[in-house]
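>>> Return atomic coordinates for the entry below.
(chains A and B)
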Amino acid sequence: MNLFVQLATVALPTAYLLTTVLHGMAFAGDRAPAFAARWRPWTLGGALVLHGAMFGTRWVVAETFPVNGAWLLVSATALTIAALFAAIASRTQHVAVGGIVLAMVTLLQAAASALGPVRAELLPPAGATKILHVVTVFLAAAALILAGLFGYLHLLLYRQMRRKSFGPLYSELPSLEHLSRLTRRAALAGFLFVTAGLNVGIGIAHQKGVADFRYTDPLVLLTIAIWIHFGMIAFSRRINGFNARRASIAAVAGVVTLLITILLTLFPAATFHRFG
Amino acid sequence: MDTLQDLCLVGLSHRSAPVAVRERYAVQPGDARECLEELCRDEAILEATLLSTCNRTEVLVLGKGADAAAATIRRQLFRNLDEQHLYEHRGVHAVMHLFRVASGLDSLILGESEILAQVKRGLETARLAGTLGEHLQPMLTQALQVGKRMRNETEIGQDTLSVAKVAVDIAHRAFGRFGDSRGLIVGAGETGLLVARHLRDAGLGGLDFVNRTADRAENAAAEFGGAAFRLDELGAAVAGADLVVVCVDGGAGLVTPAHFAGRRNRDRPTLVVDLSVPRAVLEAVADLPDLLLYNLDDLEPVVERNRRARGEASVASSEILVAEVHKFLTLRTYAAFSPAIADLRQRYDEVREEIVDEICQEQASPRELQLAHELSKRLLDLSLEKMKEGARRARSEESLDREYQRYLQDL
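Numbering: from 1, shown residues only, chains lettered A, B, ... in the order given. Reported below is the predicted structural model:
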């Protein structure tokens, strides 16, 4: 079983890269090769199944919920983003977006495969609250990254239209309105998951009496800042002057902050938060 | 047709000049008649017609020598204009150009439908000005027929690729579904109403109108179920609009950044499409935040993409165009033969009468007279048929096709 986990860990970045390239070809419009359209769903589906099977096998070997470290959390986030994109693409037919969203997935999974654990091992049983905390955290991370990506695409398309450039981005991306709707919906989902994850995490810290936990911890403060930030984006329609374009800028800035927070979590200098 | 060599077309269009130049040399509808009359006062010009749209200003004349005619046009209509912005077609190339224009093949948006109405208006104006004669009138009439045929028999006019349609497409890229968007049409003229129809068909939530004359705005608003505003209420009208389409005649600089001051707390950008020549929206408007401004020149890349997509239809249209030019030239040759044919007919009649009188000594029976009539008629028809055949062969479709390829290379 460990052999499969190892092979899957190595193969996943390549699988995601392949489907990214095939989705990116959609930017060529009518000139895109026919095989790209034919193979897109299969490669994405295959990568998702392989990724899911990798986590399933890890669960079997660990005999408990297997996400017990930062890099496995990153991998789970990548899987969630890819699955959410597949769901969105099947409804909206805007496959070219995959060229950018799945590139982020590839990047996250490549980092997780290169730096995370390759072997699966037996783990101490995880409690329900801890599982809930971890699951809400990676769901939140996925939603927030998606919000940032959609925000980025919104800005990209807006810039193209402002420059009067009617290139592939203009032709293949969803409308500005659609992108801003996706940004806000993803931000709302992320906000709700961060709310849940934060509360469950604080509950765990108090319950278990984590010695070095304090609200003034930079990591806790950054997380709270992200929570407020994405909350504002999610409800930006109701805030005067916080229009779609500004919401997109805020979403991109929020994702950059989120990625910094994740990086800080990985440093040994991170104070209270220890995975595992 | 000897007059073909004296045919001359001089003009500028989106192919040769940017909108900033086009708007300086545009002739407003109210001035077209006077312009033509002035042109024909020059002894170098015999007949003239003028086509001035948002994308082109062209004059087609029959002159006493094409050189003198072209010089007159340049002096009267395109004074001080850089030569690089002008084009000139003579003889059969001028006919080809006119037919291409009427077909929408030379339009900014391939196959657009507005041009046919504009050519028709040009014909009417020239007729009213009394500057059309036996040469240009049939040419313009046939140009209109060619335009109609092209749209009926090729795919060029399908999925109407009008300027209005492209404006609607850009709005789609900005707003996605239109149901909750509100549009504002500034200028309730022909183009304004056409755009309004496209927007309504695309499912736009609501449409308001602004016009110089309140009556027209009210009529349009009543037709489309929106509100009507006067021109001095433009700022208030713009404040509630997601999409503003400006199509006014002679309203250079009509829309300024100040008109957008009331546009606060809007979630989406405001899309402004200026279809006017001269441009009615000041360039400074483009610098406003959360606003996308497009004028006719900006639509060119979309048009070019459509043009490429319509390549096959374009091939079919070339065949029709060459056939129509051939038909036109043949008809012109027949027309040139008309006096000779009438003379020939008269001569046949005289000779027949002479022969009948000589042989029958004025005592011919009805049957003999009928026989003589029938014989002379058959002989005359045979002669005319040979003449027509000669006229048809004078310019073969193959040679015209080569000529057309040369014309396209010169574009």
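>>> Dump stretch B:62-82 to PDB, restricted to CA.
C-alpha atoms of stretch B:62-82 as PDB (Å, rounded to 0.1, in the frame of the first residue of the first chain):
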ATOM      1  CA  LEU B  62     -18.400  60.700 -63.500                       C
ATOM      2  CA  GLY B  63     -16.200  63.500 -64.800                       C
ATOM      3  CA  LYS B  64     -14.700  64.900 -67.900                       C
ATOM      4  CA  GLY B  65     -11.600  62.900 -67.500                       C
ATOM      5  CA  ALA B  66     -10.800  61.100 -64.200                       C
ATOM      6  CA  ASP B  67      -7.700  63.200 -63.400                       C
ATOM      7  CA  ALA B  68      -9.600  66.500 -63.300                       C
ATOM      8  CA  ALA B  69     -12.500  64.900 -61.400                       C
ATOM      9  CA  ALA B  70     -10.300  63.400 -58.800                       C
ATOM     10  CA  ALA B  71      -8.500  66.800 -58.400                       C
ATOM     11  CA  THR B  72     -11.800  68.500 -57.900                       C
ATOM     12  CA  ILE B  73     -13.000  66.000 -55.200                       C
ATOM     13  CA  ARG B  74      -9.700  66.400 -53.400                       C
ATOM     14  CA  ARG B  75      -9.900  70.200 -53.500                       C
ATOM     15  CA  GLN B  76     -13.500  70.400 -52.400                       C
ATOM     16  CA  LEU B  77     -13.900  67.700 -49.900                       C
ATOM     17  CA  PHE B  78     -10.500  66.500 -48.700                       C
ATOM     18  CA  ARG B  79      -8.500  69.700 -48.500                       C
ATOM     19  CA  ASN B  80      -5.400  69.500 -46.400                       C
ATOM     20  CA  LEU B  81      -5.800  65.800 -45.900                       C
ATOM     21  CA  ASP B  82      -2.700  63.600 -45.800                       C
END
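>>> That one - what's its average pLDDT?
The average pLDDT for stretch B:62-82 rounds to 91.
>>> How far off centre is it?
Chain-centre distance of stretch B:62-82: 20 Å, with CA atoms, centre = their mean, to the nearest Å.
>>> how about that stretch: buried residues?
Residues of stretch B:62-82 classed as buried: B:Leu62, B:Gly63, B:Ala66, B:Ala68, B:Ala69, B:Ala70, B:Ala71, B:Thr72, B:Ile73, B:Arg74, B:Leu77, B:Phe78 (neighbour count, 16 or more other CB atoms under 10 Å in any protein chain shown). For every residue, glycine as well, the C-beta is placed using N, CA and C.
>>> Work out for me the element residue 124 sits within.
No chain was given, so I picked chain A. Using DSSP states H and E, A:Pro124 sits within no helix or strand.
>>> you looked at the wrong chain, it should be chain B
B:Glu124 belongs to helix B:114-129, assigned by DSSP H and E.
>>> buried residues in that helix?
Going by neighbour count (16+ other CB under 10 Å), the buried part of helix B:114-129 is B:Glu114, B:Ile115, B:Leu116, B:Gln118, B:Val119, B:Lys120, B:Arg121, B:Gly122, B:Leu123, B:Thr125, B:Ala126, B:Ala129.
>>> quick one: contacts for the third one?
Residues touching B:Leu116, when contacts are defined by CB atoms under 8 Å, 6 or more residues apart in numbering or on different chains, comprise B:Ala102, B:Gly104, B:Leu144, B:Gly147, B:Lys148, B:Arg151.
>>> switch the cut-off to 6 Å
With contact taken as CB atoms under 6 Å, 6 or more residues apart in numbering or on different chains, B:Leu116 is in contact with B:Gly147.
>>> A:Ser90: how many residues sit nearby?
11 (other CB atoms under 10 Å in any protein chain shown).
>>> cool, and A:Val74?
23.
>>> which ones among the buried residues of stretch B:62-82 are found in helices?
Taking DSSP state H, the ones among these that sit in helices are B:Ala66, B:Ala68, B:Ala69, B:Ala70, B:Ala71, B:Thr72, B:Ile73, B:Arg74, B:Leu77.
>>> Turn the buried residues of stretch B:62-82 into a markdown table, columns for distance to chain A.
Formatted as a markdown table, these follow (distance: CB to the nearest CB, whole Å):
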| residue | distance to chain A |
| --- | --- |
| B:Leu62 | 41 |
| B:Gly63 | 41 |
| B:Ala66 | 39 |
| B:Ala68 | 42 |
| B:Ala69 | 39 |
| B:Ala70 | 35 |
| B:Ala71 | 38 |
| B:Thr72 | 38 |
| B:Ile73 | 33 |
| B:Arg74 | 33 |
| B:Leu77 | 30 |
| B:Phe78 | 28 |
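>>> need the residues you listed in a markdown table with distance to B:Arg332, can you?
Output for the buried residues of stretch B:62-82, formatted as a markdown table (distance: CB to CB, whole Å):
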| residue | distance to B:Arg332 |
| --- | --- |
| B:Leu62 | 12 |
| B:Gly63 | 17 |
| B:Ala66 | 17 |
| B:Ala68 | 22 |
| B:Ala69 | 18 |
| B:Ala70 | 21 |
| B:Ala71 | 25 |
| B:Thr72 | 24 |
| B:Ile73 | 22 |
| B:Arg74 | 27 |
| B:Leu77 | 26 |
| B:Phe78 | 28 |
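>>> Between those residues, which sits nearest A:Ser113?
Distance ranking of those against A:Ser113, using CB to CB, places B:Phe78 first at 68.2 Å.
>>> Contacts only, for the closest one.
When contacts are counted by CB under 6 Å, 6+ apart, B:Phe78 touches B:Leu86.
>>> For the residue lying farthest from the centre of chain A, which non-adjacent residue is spatially closest?
In chain A, counting by CA atoms, centre = their mean, A:Lys164 sits farthest out from the average C-alpha position, at 31.6 Å. In this structure, A:Lys164 finds its nearest non-sequential neighbour in B:Asp298, 4.5 Å apart by CB to CB, 6 or more residues apart in numbering or on different chains.
>>> For burial, what's the neighbour tally of the one you found?
B:Asp298: 19 surrounding residues under other CB under 10 Å.
>>> For whichever residue of chain B sits closest to chain A, the count of nearby residues, please.
Relative to chain A, the nearest point of chain B is B:Gly176 (3.6 Å; CB to the nearest CB). The number of residues packed near B:Gly176 is 19, by other CB under 10 Å.
>>> By residue count, tell me the biggest helix in the chain.
Defaulting to chain A. helix A:128-162.
>>> Actually, chain B is the one I wanted.
Max-length helix for chain B by DSSP H is helix B:311-360.
>>> picking up where we left off before, was I right about the residue of chain B closest to chain A contacting A:Glu177?
Yes. The pair B:Gly176 / A:Glu177 is scored as a contact, 4.1 Å apart, by CB atoms under 6 Å.
>>> Nearest residue to the one residue in the stretch 101-250 of chain A that gets nearest to chain B in space, please, no chain neighbours.
Residue nearest to chain B within the stretch 101-250 of chain A (CB to the nearest CB): A:Ser175, separated by 3.6 Å. Among residues not flanking A:Ser175 along the chain, B:Gly176 sits closest, at 3.6 Å (CB to CB, 6+ apart).
>>> Repeat that for A:Ala253.
Nearest one to A:Ala253, counting by CB to CB, 6+ apart, is A:His229 at 7.7 Å.
>>> Okay, that neighbour and A:Phe235: tell me how far apart.
Noted for A:His229: a distance of 12 Å to A:Phe235, by CB to CB, to the nearest Å.
>>> same question, B:Pro18
45 Å.
>>> and if you look at B:Leu199?
Taking CB to CB as the measure, B:Leu199 falls 31 Å from A:Phe235.
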